[in-house]
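Novice: Below are the sequence and a predicted model for it; my questions follow.
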Amino acid sequence: MTWSFLHPASHAVLGIAVLVFVATVAIVVPTVIAMRRGTSTDAVAWADLLRRDDGSVWTTDRVLRSVEASCRAAGVVFPGFVRASVGPTVRLDLAAPTVAPPVPWTATVDGRSWSAPMPALQALGLVGTATDRFATAVGLGSDTDGTVVVDLAAIGGAVALGGDRAARLAVAHRIADQVRTAPWSTGTTVLTVGIGDGELGPARSVSVHEAVATVAADATPGLLVVRTLPGGTDGRELARLLERPTGRWAVVALQPGALARWTLTCRRDGVLTSPELGTVRWVDVALSTPASTPTDTVAEPAA
């Protein structure tokens, strides 16, 4: 048949071709988008291959040192913080209310939070060397206000990780990595119980009894990572030790447990959630040394 705009059959052929094209686009485009979204949001598949941004680490270190410097200059005893948001405005959620903060901080009416503009903190002069006051402070990710930093020892109990297995391991790896390598916590002891060699980087494996004894001695700050929180007498004793206001050890469990103070639900899309923190993007925290293989390729040993 010879094509012609005047021939009715030509109109029919053109109409069929248009319908086929539209139908094809309607099927193929959403499929491609879905495939791309599935790949891009599976943070576990690529997050461990990225290197940590030294600039963000320097900023957090500067903020933590500014806290100590401002309190020292004003003769204020800093009560410690549980959570900090590090962004254009720095906010500290304190471990105990304090209504008279040093300059440039301002306190909420109830004294539970301090805040200060980032430029004001950067203008502070830092004297002396950094202490181990924040040896268990770690960045867990970011939210709309900036980097979310939590002092794990100030929580007063264990932090349990729930949700996707590979995402839990990725979050735990980031916590242990920061405790070992961040400038405010370099050299902090990392112990593990029931964790496979290499899963969380360099760490010393100990028994439950050794772990509880070390936390009880509290000779130095430290991080204990356990596969599951111990039960019975050991579990109750560990929970009691972590409730000490002056205790310097933090405990993270790779599985939820009844004795945990916080439970963070970790997802493969790079997000963790909890009632205490809300929604935080754990994928925004990278490792100091990128892994050679993604977390999801590491087999989990039997409990």
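Specialist: Yes, it's here.

Novice: and the gap between the residue nearest to the spatial centre of the chain and Thr279?
Specialist: Among the residues of the chain, the one closest to the centroid is Leu140, at 1.7 Å (Cα atoms, centre = their mean). Distance from Leu140 to Thr279, counting by Cβ to Cβ, to the nearest Å: 11 Å. For every residue, glycine as well, the C-beta is placed using N, CA and C.

Novice: Quickly list what's touching both of the two.
Specialist: Common neighbours of Leu140 and Thr279 are listed as Leu272 (criterion: Cβ atoms under 8 Å, 6 or more residues apart in numbering).

Novice: Using CSV, write out every CA atom in the one helix or strand Asp177 maps to.
Specialist: Element membership of Asp177 [criterion: DSSP states H and E] is helix 165-181. Written as CSV, here are the backbone C-alpha positions of helix 165-181 (Å, rounded to 0.1, in the frame of the first residue of the first chain):
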residue,chain,number,x,y,z
ARG,A,165,20.8,-7.6,58.8
ALA,A,166,23.3,-6.0,56.3
ALA,A,167,22.2,-2.5,57.2
ARG,A,168,22.7,-3.3,60.9
LEU,A,169,26.2,-4.4,60.2
ALA,A,170,26.9,-1.3,58.1
VAL,A,171,25.8,1.0,60.9
ALA,A,172,27.8,-1.0,63.5
HIS,A,173,30.8,-0.8,61.3
ARG,A,174,30.5,3.0,61.1
ILE,A,175,30.2,3.3,64.8
ALA,A,176,33.3,1.2,65.5
ASP,A,177,35.3,2.9,62.8
GLN,A,178,34.6,6.3,64.2
VAL,A,179,35.5,5.3,67.7
ARG,A,180,38.9,4.0,66.5
THR,A,181,39.8,6.8,64.0
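
Novice: Show me what that helix is packed against.
Specialist: Contact here means 3 or more Cβ pairs under 8 Å, 6 or more residues apart in numbering; DSSP states H and E; on that basis helix 165-181 packs against strand 137-143, strand 158-163, strand 189-193, strand 222-226, strand 260-266.

Novice: Can you classify Val82 by secondary structure?
Specialist: strand (DSSP: H, G, I helix; E, B strand; the rest coil).

Novice: Use 34 as the first number from now on
Specialist: Let's use 34 as the start, then, which means that last one is Val115.

Novice: burial of it, as a residue count?
Specialist: Val115: 20 surrounding residues under other Cβ atoms under 10 Å.

Novice: give me the number of residues near Ala236?
Specialist: If you count neighbours by other Cβ under 10 Å, Ala236 ends up with 20.

Novice: Same check on Arg98?
Specialist: Neighbours around Arg98, by other Cβ under 10 Å: 22.

Novice: same thing with Thr312?
Specialist: 14.

Novice: now swap in the one 10 residues further on and tell me
Specialist: Under the neighbour criterion other Cβ under 10 Å, Thr322 is assigned a count of 12.

Novice: where's it, which helix or strand?
Specialist: Once you assign secondary structure using DSSP H and E, Thr322 falls outside every helix and strand.

Novice: pLDDT at it, what is it?
Specialist: You'll see Thr322 listed with a pLDDT of 89.

Novice: so what's it up against?
Specialist: 84, 210, 234.

Novice: give me the low-pLDDT residue ranges for the stretch 84-233 of the chain?
Specialist: By pLDDT under 70, the weakly predicted segments of the stretch 84-233 of the chain are 161-163.

Novice: Now the terminal residues of stretch 136-152, how far apart.
Specialist: End-to-end distance for stretch 136-152: 13 Å, by Cα to Cα, to the nearest Å.

Novice: What subset of the contacts of Thr322 is buried?
Specialist: 210, 234 (16 or more other Cβ atoms under 10 Å).

Novice: Dump the contacts of Thr322 to a markdown table, plus distance to Met151.
Specialist: Shown next, in a markdown table, are those (distance: Cβ to Cβ, whole Å):
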| residue | distance to Met151 |
| --- | --- |
| Arg84 | 24 |
| Asp210 | 25 |
| Gly234 | 31 |
